[in-house]
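Colleague: Can you look at this prediction? I've put the sequence above it.
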Amino acid sequence: MRTINLFSKTVLASSLLMVSAVSLAHNGEDHSAPEKMTVATSSSQNQPMQMDRSQMNQAQHQATSTVNHLHHVPDANAQQSSHYDHRSEHGAQIYAVTTVDNKWLLNEDGDGGLKSEFETRIGTDENKLFIKVHADKQESHKAEYDTKVLYSRMISDFWDVQAGARYRAEKVEREQQGWDTEEKVDGVLGLHGLAPYFFETDAYLYVGEDQLWKLSLETERDLLFTQKLIGKPYLKANVVLQDESRYASKTGLSSLQAGFQTRYEINKKVMPFVDVGYGYEKGLKQTAWQTGTDSEHGWYYGAGLTLKF
């Protein structure tokens, strides 16, 4: 009986040990499963990130290839623009400007005279045609005319060279016949442009019959008092180098005008003005056909109107 009880206790103890071993083995598997799941989850998360990076690199490579391809593909618009005539946008447009200037001036003796100037220019910035007309009508005298037709060619940013012809009809005093008009045609060569300090300048050399060599200079500059009130100092000079005609002027500085004009711009087309200045004339040379005269000088003043269109 004691042997049976001992055997029973031995079997029960062995059974308890087996149950404990099985339970411990089961718990070990349960702890290792989450670790395996965690490893699997992390690996599954890394795979999409690696795929996203590879896709981004591939997209960047495709975009770079596309840009490089576009750089190498010729643009049809660029090819067309290379054949486009840009002169139509940069100084090659044909334009026309006309200025008419009329003024009435009085000298110190109260003698008056009407002076008119007409100028029109047509062409482009590089090539222009100038037509200039000057008329001078003193009281009790015949009018004097001066007409120039000039071709103007731009030689720099601020200067044009000009060449052409001048027709002039000047009053002359014939002995025992009174005042008359003499007509002549001269060749003209000169410069037109903007001198330093913004002085608009015209300088011409005249060559004509009877060994005429003559220089003329005109320069002026605008001074803005306001947007509409503008002052303009000016200088006009004529120098006779040589003249062997019947009714010649004295050589040297034959005439000079220095003055100041103040205008009010009603608009860019209508501009009344007042003018005051000092003038000098050397006089006529003594010849077999005319009597020599003395020089004259003095102040003058007046008013006028400028039209531009």
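Modeller: Yes, it's here.

Colleague: and residue 214, how many neighbours?
Modeller: The local packing of residue 214 (other Cβ atoms under 10 Å) involves 20 other residues. C-beta: built from backbone N, CA, C; applies to glycine.

Colleague: And the pLDDT at the residue lying closest to residue 105 once chain neighbours are set aside?
Modeller: Leaving aside its chain neighbours, residue 105 sits nearest to residue 302 (3.6 Å; criterion: Cβ to Cβ, 6 or more residues apart in numbering). The model reports residue 302 with a pLDDT of 97.

Colleague: Ok, residue 183 next?
Modeller: pLDDT recorded at residue 183 is 88.

Colleague: OK, contacts around it?
Modeller: Applying Cβ atoms under 8 Å, 6 or more residues apart in numbering to residue 183 gives the contacts 167, 168, 169.

Colleague: Drop anything exposed from those.
Modeller: Neighbour counting by 16 or more other Cβ atoms under 10 Å classes residue 168 among the contacts of residue 183 as buried.

Colleague: which one of the contacts of residue 183 sits closest to residue 139?
Modeller: Distance to residue 139 across the contacts of residue 183 (Cβ to Cβ) is lowest for residue 169, with 18.3 Å.

Colleague: so that closest one touches residue 182, yeah?
Modeller: Yes - with contacts counted by Cβ atoms under 8 Å, residue 169 reaches residue 182, the gap being 7.3 Å.

Colleague: Is the residue nearest to residue 105 bridged to anything, and to what?
Modeller: The residues listed as beta-bridge partners of residue 302 by DSSP bridges are residue 105, residue 275.

Colleague: Okay, it and residue 192: tell me how far apart.
Modeller: 26 Å (Cβ to Cβ, to the nearest Å).

Colleague: cool, residue 247 as well?
Modeller: With the distance defined as Cβ to Cβ, residue 247 ends up 29 Å from residue 192.

Colleague: and if you look at residue 129?
Modeller: Applying Cβ to Cβ, the value for residue 129 to residue 192 is 12 Å.

Colleague: repeat for residue 115
Modeller: Taking Cβ to Cβ as the measure, residue 115 falls 21 Å from residue 192.

Colleague: More neighbours: those two, which one.
Modeller: Applying other Cβ under 10 Å to residue 115 and residue 192 shows that residue 192 carries more neighbours, namely 21 against 17.

Colleague: Tell me which helix or strand that one sits in.
Modeller: With elements delineated by DSSP states H and E, residue 192 resides in strand 178-195, which encompasses its position.

Colleague: got a pLDDT number for residue 153?
Modeller: On the pLDDT scale, residue 153 is placed at 97.

Colleague: Near it, how many other residues are there?
Modeller: In terms of burial, residue 153 registers 13 neighbours under the definition other Cβ under 10 Å.

Colleague: That one bridge partners, please.
Modeller: When residue 153 is checked against DSSP bridges, its beta-bridge partners turn out to be residue 127, residue 161.

Colleague: these two touch, right, it and residue 125?
Modeller: No - at 10.6 Å, residue 153 does not count as touching residue 125 under the criterion of Cβ under 8 Å.

Colleague: Can you report how many residues lie near residue 159?
Modeller: Burial of residue 159, expressed as a neighbour count using other Cβ under 10 Å, amounts to 15.

Colleague: Chain neighbours aside, what residue packs nearest to it?
Modeller: Setting aside the residues directly before and after it, residue 159 is nearest to residue 193 in space (Cβ to Cβ, 6+ apart), at 3.6 Å.

Colleague: mind listing what the one you found touches?
Modeller: Residue 193 makes contact with 156, 158, 159, 160, 200, 201, according to Cβ under 8 Å, 6+ apart.

Colleague: Roughly how far does the last one sit from residue 235?
Modeller: The reference is to residue 201. Shown here: residue 201 relative to residue 235, a distance of 10 Å by Cβ to Cβ.

Colleague: just the helices in this structure please.
Modeller: 2-72, 76-82 (DSSP state H).

Colleague: State the mean pLDDT of the longest one.
Modeller: The one in question is helix 2-72. The predicted model gives helix 2-72 an average pLDDT of 45.

Colleague: now this structure, which segments are flagged as low pLDDT?
Modeller: Applying pLDDT under 70 to the chain picks out residues 1-91, 173-180.

Colleague: Pop the domain breakdown of it in here.
Modeller: The record assigns the chain these domain ranges, following automatic domain parsing: 1-84, 95-308.

Colleague: The nearest residue to residue 92 once chain neighbours are set aside: neighbouring residues, count only.
Modeller: Nearest in space to residue 92, with sequence neighbours left out and distances taken as Cβ to Cβ, 6+ apart, is residue 124 at 5.1 Å. Counted with other Cβ under 10 Å, the neighbours of residue 124 add up to 13.
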